[in-house]
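A.B. asks: Below: sequence and its predicted model.
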Amino acid sequence: MDCYRKCDAAGYALKLFDAVPQRSLISWNIVISNCNKKSLFLESWKQFCRMHKSGFEADEMTYGSVISACTALQAPLNGMQVYSLALRKGFRANGYVRAGMIDLLAKNYKFDDALRVFHDVSCENVVSWNSIIAGAVRNGENWIALDLFRQLCRHDTFLPNSFTYPCVLTACAMIDDLETGKVVQGWIINVVSWTAMISGFVRQDDSISAVQLFKEMRSLGEEINTFTITSLLSACGRPGLTKTATQFHALIVKCGFDLDPAVGASLINMYYKVGAVDSSEFIIGEMERRRNPNSSAVMISLHAQANDARRTVELFVRMLREGMRPDKYCTSSLLSVANTLSLGRQVHSHVIKSGLVFHVSVASSLFTMYSKCDSLAESYEIFGQICEKDHVSWTSMIAGFANSDRPDEAVRLFRNMLIEGNTPDQSTFIAILTAIRSLNSVKKGMEVHAKVIRLGFGEEITVGGALVMMYSRCGYLKLARKLLDLLPLWDDVACSTMISGYAQNGYIGEALLMFYKMLKANFAIDSFSISSVVQAVTLTNRSDIGTQLQSYAMKVGLDSNAAVGSSLVAMYSKIGGINDCVKAFDQIDAPDLIGWTAMIMSYARHGKGEEALRLFELMKRKKMRPDPVTFVGVLSACSHSGLVEEGYFHFDSMIKDYGIEPNYRHYACMVDLLGRSARLKEAERFISNMPIEPNALVWETLLAACKVHGDIELGKIAARKITECEPSDAGAYISLSNIYADMGQWEEVMNIRSSMKGAKAKKEPGWSVV
């Protein structure tokens with residue numbers, strides 16, 4: 001395909017691509033890039049849609065190429081959808097993607113939006129600078145263009161290049177600034193050089209051409225400088241170029257550039273990206289002997305990005321011991337991997353002592369850390385101390401409340417954000433919709449939806465997916481499905497949520513059909529999708545479909561996932577056998593609390609109380625803390641197996657050892673345990689001693705036991721209590737009537753039926769799924 005591309009045979013390349021049975025990300029990128037080069041921009045967009053629906057994860061080359069195609073098609077909405085997807089996948093700071101988005105917005109006369117994208121994160125590449133300067137000139141903002149150019153010239157990492165100067169000279173001409181034009185012309189003579197050309201190839205991700213150009217530059221005896229070296233090292237930071245990287249490292253040492261801090265940092269970065277971590281460590285050791293903080297800062301950032309908390313902390317502590325002062329970037333990187341309050345508070349102390357607490361980025365990292373460690377009080381306190389909150393700070397705090405079971409606080413904070421004049425972005429909307437989903441408040445959801453539309457995020461894939469999830473969770477399935485169908489690209493999470501929504505609301509056929517459509521579209525099926533459809537199948541009593549789903553989960557390697565395994569255990573518990581439950585549970589690599597509870601419930605349902613209690617003890621030995629639902633399973637197991645003393649023990653343990661206050665289900669389990677063991681008077685005393693007023697469930701449990709053991713007097717008391725709680729409940733009348741019928745007291749049966757009519761209680765007719 002690459003050969004056909006280079007020979008300008010786009011048609012043959014596409015035909016060959018369609019014939020390939022197993023495509024890769026590289027082949028998709030070649031096809032999309034080839035379409036762009038042949039000006040087949042609509043075809044480029046179509047190929048990207050195919051790629052996305054096939055479940056392939058795009059990279060920066062894919063997103064950059066597709067955004068360029070959207071620019072050529074004058075389709076800003078499509079471009080913004082792709083950019084929102086790129087942000088979600090973590091490409092916010094990628095220069096190639098950002099430059100493409102800036103160019104798209106500027107060429108569609110949305111320069112303010114382009115400027116917002118440019119200032120979104122610190123810009124560490126000249127491509128984005130060139131895009132925003134060119135966009136300013138295109139939109140007549142020539143003074144802004146010159147101001148941006150001056151900022152670029154003051155940058156200590158890179159310089160303007162051959163793409164920068166024509167735009168700047170145009171701006172000078174438009175505002176008759178002859179003096180600035182002459183200064184720029186003088187710079188051009190000295191700066192436009194081999195280094196600019198090498199940098200150009202690096203920006204285009206053409207590492208081979210960059211290396212070849214450098215070799216030609218050396219053969220002609222041209223002088224190299226720090227910028228040349230750092231550009232070249234960026235080109236070598238690709239997997240598979242380890243040998244080339246080592247050769248250039250030797251040249252750098254020979255020429256003496258290894259002493260330069262910027263070159264050293266680039267070397268560390270390069271070796272880390274090619275996978276030679278030991279070489280990175282060696283260089284940082286060499287640079288630390290020269291007491292250079294830049295190398296440690298780079299390594300801290302890289303280890304933090306790899307979520308390696310241990311190495312990040314070690315390097316940070318080493319910097320402090322060597323007398324170096326970590327800057328705000330180092331500190332923010334450390335906070336991003338701090339996963340315990342003890343470590344987080346130590347870093348917080350350092351932040352206060354060093355004065356970094358006044359930086360918005362560090363303060364935001366601090367309260368985000370406290371949110372992740374479930375310390376919302378401290379998180380919110382730090383948030384309140386930030387004088388000038390940006391939208392990132394607001395979004396992080398809203399997300400902290402939303403993800404910590406405090407959705408009301410998240411909604412309040414969102415309103416305050418709007419009152420203070422801050423404009424939410426897609427990340428903010430996703431966070432607030434998560435909170436509203438927990439509140440199950442469709443009214444608030446519709447208010448946010450209106451705001452989404454007003455700010456132009458209505459067709460954003462990520463925001464649209466969050467809206468689908470919110471409406472689905474609130475039971476508005478038709479509206480959720482309508483929004484899903486309006487999305488230009490289906491979101492796999494939103495589809496999985498639709499499956500769950502359909503299943504929970506009894507639309508089993510629709511849930512299975514949605515799952516089938518996901519399979520047909522080659523979506524990347526995740527554990528949430530499978531567990532959702534398994535829950536739907538559980539309601540159908542179709543064990544054959546459940547077995548097929550388990551086979552599919554095994555095929556894609558998700559049968560060992562905790563969520564999938566727990567769903568399979570619950571399904572087999574209801575429509576299978578206990579042996580199937582055990583097999584599904586044993587497949588789980590690391591069962592979570594839901595998985596343990598599901599298996600305990602399964603043993604209880606099948607009358608295997610002793611096995612349930614043994615599993616409960618094993619669960620506790622695994623340091624898994626039971627919750628109220630777990631104890632319902634344990635008490636049910638005791639009840640189904642007549643283990644009265646064990647039931648009392650676990651009921652008391654729940655209160656004393658775990659601080660769990662019993663609810664009506666726990667009390668009902670204990671009454672059922674005593675009732676099944678014919679200890680009805682003891683059950684009555686247990687109910688009388690309850691610290692909360694017994695509800696209908698507790699009395700219904702006692703009444704059922706009275707029916708089994710023929711205790712008419714106690715049954716009368718239980719029935720009267722039920723009718724007091726729920727006067728129109730026909731179940732109590734029918735149960736008491738059956739007790740009298742079993743005793744042959746037909747006159748009492750007729751009296752109860754008359755009482756039913758007087759209370760207007762009606763027995764619902766039975767029905768069958770057969």
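C.D. replies: In hand now; what should we look at?

A.B. asks: Which element, helix or strand, includes residue 667?
C.D. replies: Assigned by DSSP states H and E, residue 667 falls within helix 664-676.

A.B. asks: I'd like the average pLDDT over the next helix or strand along the chain from that helix.
C.D. replies: For helix 664-676, the succeeding helix or strand toward the C-terminus, using DSSP H and E, is helix 680-688. Helix 680-688 comes out with an average pLDDT of 92.

A.B. asks: continuing past helix 680-688, what's the next helix or strand?
C.D. replies: That would be, after helix 680-688 and using DSSP H and E, helix 696-709.

A.B. asks: then that next one to CSV, C-alphas only?
C.D. replies: What follows is helix 696-709, C-alpha atoms only, in CSV (Å, rounded to 0.1, in the frame of the first residue of the first chain):
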residue,chain,number,x,y,z
ALA,A,696,-44.7,-5.2,55.8
LEU,A,697,-41.8,-7.3,54.6
VAL,A,698,-40.9,-8.4,58.1
TRP,A,699,-44.5,-9.3,59.0
GLU,A,700,-45.0,-11.0,55.6
THR,A,701,-42.0,-13.2,56.4
LEU,A,702,-43.6,-14.2,59.8
LEU,A,703,-47.0,-14.8,58.2
ALA,A,704,-45.4,-17.2,55.7
ALA,A,705,-43.8,-19.1,58.6
CYS,A,706,-47.2,-19.2,60.4
LYS,A,707,-48.8,-20.7,57.3
VAL,A,708,-46.1,-23.5,57.1
HIS,A,709,-46.5,-24.4,60.8
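
A.B. asks: List the contacts of the most centrally placed residue in the chain.
C.D. replies: Compute the mean C-alpha point of the chain, and by CA atoms, centre = their mean the closest residue is residue 88, 8.5 Å away. When contacts are counted by CB atoms under 8 Å, 6 or more residues apart in numbering, residue 88 touches 461, 462. Quick note: C-beta positions are derived from backbone N, CA and C, even for glycine.

A.B. asks: change it to 6 Å
C.D. replies: Counting by CB atoms under 6 Å, 6 or more residues apart in numbering, residue 88 touches residue 462.

A.B. asks: Then residue 560?
C.D. replies: Neighbour list for residue 560: 587, 588, 589 [criterion: CB under 6 Å, 6+ apart].

A.B. asks: How about the first one, nearest residue that isn't a chain neighbour?
C.D. replies: By that I understand residue 587. residue 559 (4.9 Å; CB to CB, 6 or more residues apart in numbering).

A.B. asks: Quick one: neighbours of the one you found, just the number.
C.D. replies: 22 (other CB atoms under 10 Å).

A.B. asks: tell me the secondary structure for it?
C.D. replies: coil (DSSP: H, G, I helix; E, B strand; the rest coil).

A.B. asks: Quick check: it touching residue 553?
C.D. replies: Yes: with contacts counted by CB atoms under 6 Å, residue 559 reaches residue 553, the gap being 4.3 Å.

A.B. asks: what's the spacing between residue 466 and residue 473?
C.D. replies: 11 Å (CB to CB, to the nearest Å).

A.B. asks: In terms of neighbours, single out the busier of these two.
C.D. replies: residue 466 (27 against 22).

A.B. asks: List the buried residues in the helix or strand where the more buried one lies.
C.D. replies: In this assignment (DSSP H and E), residue 466 forms part of helix 461-473. Neighbour counts over helix 461-473 (16 or more other CB atoms under 10 Å) mark 461-473 as buried.

A.B. asks: Need the residues that contact the helix or strand following it.
C.D. replies: Once helix 461-473 ends, the next helix or strand along the chain (criterion: DSSP H and E) is helix 477-486. Outside of helix 477-486, the residues within contact range by CB under 6 Å, 6+ apart are 467, 468, 471, 472, 494, 501.

A.B. asks: Ok, stretch 55-63 next?
C.D. replies: 25, 29, 86, 91, 94, 96, 97, 522, 523, 524.
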